[in-house]
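Engineer: fold the following, please.
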Amino acid sequence: MNRTRTLLKKLAWSIFTILFVIVLNFFLFRVLPGDPARAGVRDPRLKKEAVEMLRVRFGLDKPVINCFESLNPIKLGSCTVNPLDTQFFIYVRNLLQGELGISYHTNRPVADILAERLWNTVLLIGAGQILSIMIGVVFGVFAAWKARTAIDYSAVITSLMAWSLPTFWLAILLLFWGSNNGLPLAGKATPGSSALPLLQQWADIGIHMILPTLTYTIIYMGEYTLIMRSSLMDVLSEDYILTAKAKGLSTFQILKDHALKNAMLPLVTVIAINLGFTVAGAIQIEAVFSWPGLGLAIFEAVGRRDFPVLQGAFVLIAIAVIFANFLADLTYNYLDPRVQTE
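Structural biologist: Residues are numbered from 1 along each chain as shown. Down below sits the predicted model:
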């Protein structure tokens, strides 16, 4: 019963945090200087009538909230604006219906743009996370098991180097390496590959994923190795591990039945946080390799000042981070029932 109450509290806090993020995300792009109607248009010859049409097209002619004008300071008089006809209420209503606005640049629904890019990012970070977790856990276990030996020192030095590498710099290095080895350098697929059989299409996508996935794996593998090593060394120093050794259990049995489950707790938190943040895509990786994911969409939207796309992407990122942390809490309670909220 205590565990159920704890999870309900965490769920309530997660929902409250999402509501706070929604409100903050709305006002974040309204306090930026400049005319939002001109933000995505670079043509200085745009006439006033055209700007007004854009403002009406994107709902910028309405007040932000009651007592606020869309482009004017706070009205000191009485509130005469219908709250249901304000930008904030329309934004919340559309958000609940899954509508994230219209892109300034492509004039397409933001939800459609992000949905197309989301699956590409999930494909990339899914492969990268699986590989980095597997390699990081294995290296971390070996380093802790062979503590203060050449294996341990080699694993620590390699992990520190991998973790400290700037992502964009490593991506550029692998870009040069791939160009010398005949690997695809940009994009998700070869132009015209959609006419190929399905199996060959997936093979083509897999070849294009090699360089960005390798970059992602190297960066996060170092972090997971160091955390796993540190956590496992702490667990191996506990009294119950000494008792297991006194019983004559093998090293494999001690690691499998007694040490790994407890050592995974800190790693679960880091993995969950990384998963949440990388739903946005490793922006630098996707920008270097032109991978058509959320990270590249955010990069392009910043350059184009496409605020609806940025606003929709930020909401998606925030929800992903909050959801990932909630999953981490669920996993914690499964791995260690002693974990409870005060």
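Engineer: what's the closest non-adjacent residue to Ile205?
Structural biologist: Of all residues not flanking Ile205 in the chain, Ala189 sits nearest, at 5.5 Å (C-beta to C-beta, 6 or more residues apart in numbering). C-beta coordinates here come from the backbone N, C-alpha and C atoms, glycine included.
Engineer: hang on, isn't the one you found packed against Ile207?
Structural biologist: No - with contact defined as C-beta atoms under 8 Å, Ala189 and Ile207 do not form a contacting pair (9.2 Å).
Engineer: for Asn107, helix, strand, or coil?
Structural biologist: Recorded secondary structure, Asn107: coil (DSSP: H, G, I helix; E, B strand; the rest coil).
Engineer: do you know how far it is from Gly101?
Structural biologist: Distance of Asn107 to Gly101, computed by C-beta to C-beta, to the nearest Å: 11 Å.
Engineer: who has more neighbours, the two?
Structural biologist: Each of Asn107 and Gly101 has its neighbours counted (other C-beta atoms under 10 Å); Gly101 has more, 19 against 9.
Engineer: show the pLDDT at that one.
Structural biologist: What the model reports for Gly101 is a pLDDT of 80.
Engineer: doesn't Ile90 make contact with it?
Structural biologist: No - with contact defined as C-beta under 8 Å, Gly101 does not reach Ile90; the gap is 9.8 Å.
Engineer: can you tell me which helix or strand of this structure has the lowest average pLDDT?
Structural biologist: One helix or strand of the chain scores below all others by mean pLDDT, DSSP states H and E: helix 36-39, with a mean of 60.
Engineer: give me the neighbour count for Phe16.
Structural biologist: 11.
Engineer: if you could redo that for Arg108, that was the one I meant.
Structural biologist: For Arg108, the neighbour count with other C-beta under 10 Å is 12.
Engineer: past the helix with the most length in the chain, which element shows up next along the chain?
Structural biologist: For the chain, the helix with the greatest residue count under DSSP state H is helix 198-236. Using DSSP states H and E, the next helix or strand after helix 198-236 towards the C-terminus is helix 239-246.
Engineer: CA atoms only for the next helix or strand after that following helix, dumped as PDB, please.
Structural biologist: Downstream of helix 239-246, the next assigned helix or strand under DSSP H and E is helix 251-254. The C-alpha coordinates for helix 251-254 follow below in PDB (Å, rounded to 0.1, in the frame of the first residue of the first chain):
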ATOM      1  CA  THR A 251      32.300 -14.800  -8.700                       C
ATOM      2  CA  PHE A 252      29.600 -15.200 -11.400                       C
ATOM      3  CA  GLN A 253      26.900 -16.100  -8.800                       C
ATOM      4  CA  ILE A 254      27.900 -13.200  -6.600                       C
END
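Engineer: show me what helix 251-254 is packed against.
Structural biologist: Applying 3 or more C-beta pairs under 8 Å, 6 or more residues apart in numbering; DSSP states H and E, one finds that helix 251-254 contacts helix 239-246.
Engineer: now the helix it packs on: how far from the chain's centre is it?
Structural biologist: Remark: helix 239-246 is offset 40 Å from the chain centroid, using C-alpha atoms, centre = their mean, to the nearest Å.
Engineer: name the residues that touch that helix?
Structural biologist: Helix 239-246 is contacted from outside by Val235, Gln253, Ile254, Asp257, His258, Ala259, using C-beta atoms under 8 Å, 6 or more residues apart in numbering.
Engineer: rerun that using 10 Å as the cut-off
Structural biologist: 235-236, 238, 249-251, 253-255, 257-259, 262 (C-beta atoms under 10 Å, 6 or more residues apart in numbering).
Engineer: how close does Gln284 sit to Ile135?
Structural biologist: Counting by C-beta to C-beta, the gap from Gln284 to Ile135 is 21 Å.
Engineer: show me what contacts Thr269?
Structural biologist: Here Thr269 is in contact with Ile227, Ala324, Asn325, Ala328, Asp329, Thr331, Tyr332 (criterion: C-beta under 10 Å, 6+ apart).
Engineer: again with Leu330
Structural biologist: So Leu330 contacts Leu7, Lys10, Leu11, Val268, Ala272 (C-beta under 10 Å, 6+ apart).
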